[in-house]
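Q: I would like to see how this sequence folds:
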Amino acid sequence: MISFANKHIYDSLNVSTITSLLDTYLGVPCLYFDMMLNSAISTELKTINYYMYVPVNLAQEYEKYSYSINCRAKTWGEAVAIADAVVNSINRVSYNSNYFLTCKSLPCQAPRDERDNYLVPLEVTIKLKNES
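A: Take a look at the predicted model:
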């Protein structure tokens with residue numbers, strides 16, 4: 001179940017309207033499933049990292065996954081543009097009538113120091129129809 005949701009988020013984000021705004025590292029878009037970026041990834045790069053932040057809720061008639069998606073860039077405008085592209089691509093989108101995503105943007109966070117970059121966090125919920 002959890003691996004499905006990770007793949008689903010990745011597939012939703014790995015579209016040209018989003019990846020065209022990201023930089024590449026080792027030939028692939030800077031799109032990472034991890035809470036923190038690897039230290040090898042420069043804060044100069046435009047990136048997205050995402051992770052599940054709430055345990056899976058299976059007590060309802062559907063499975064519910066909650067993710068944080070972090071849109072990062074060296075400037076405020078670039079970070080906001082990436083976040084807007086993500087929201088416009090995945091918010092209130094249904095896949096195969098079994099999956100539904102909602103997305104909420106949170107305020108942009110300024111860099112903490114000269115080694116940091118701008119960050120726009122997004123809260124994403126995936127609802128998956130429970131087939132049992």
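Q: mind listing what the most centrally placed residue in the chain touches?
A: Centrality entry for the chain: nearest residue to the mean C-alpha point is I69, 3.0 Å, by Cα atoms, centre = their mean. Listed by Cβ atoms under 8 Å, 6 or more residues apart in numbering, the contact partners of I69 are 9, 13, 48-50, 86, 103, 121-122, 124. Glycine gets a C-beta too; all of them are placed from N, C-alpha and C.
Q: my guess is it is in a helix, correct?
A: No: under DSSP: H, G, I helix; E, B strand; the rest coil, I69 sits outside any helix and is assigned strand.
Q: quick check: bridge partners of it?
A: Y50, L122 (DSSP bridges).
Q: re earlier: among the contacts of I69, which two are most distant?
A: The distance between the two most remote of the contacts of I69 (Cβ to Cβ) is 15.5 Å, for N49 and C103.
Q: which residues in this protein form strands?
A: 24-25, 28-29, 31-33, 47-57, 62-73, 93-95, 99-105, 118-129 (DSSP state E).
Q: right, and those - which one's nearest P111?
A: Set against P111 and scored by Cβ to Cβ, these come closest in strand 118-129, at 6.3 Å.
Q: starting at the chain centroid, how far to the closest one?
A: 6 Å (Cα atoms, centre = their mean, to the nearest Å).
Q: next, the angle from that strand to strand 47-57.
A: Relative orientation of strand 118-129 and strand 47-57, computed by axes from the mean of the first three to the mean of the last three Cα atoms, to 10 degrees: 40 degrees.
Q: mean confidence (pLDDT) on strand 118-129, please.
A: Mean pLDDT, computed over strand 118-129, is 90.
Q: tell me the helices and strands packed up against it.
A: If contacts are counted by 3 or more Cβ pairs under 8 Å, 6 or more residues apart in numbering; DSSP states H and E, strand 118-129 sits against helix 2-13, strand 62-73, helix 76-90, strand 99-105.
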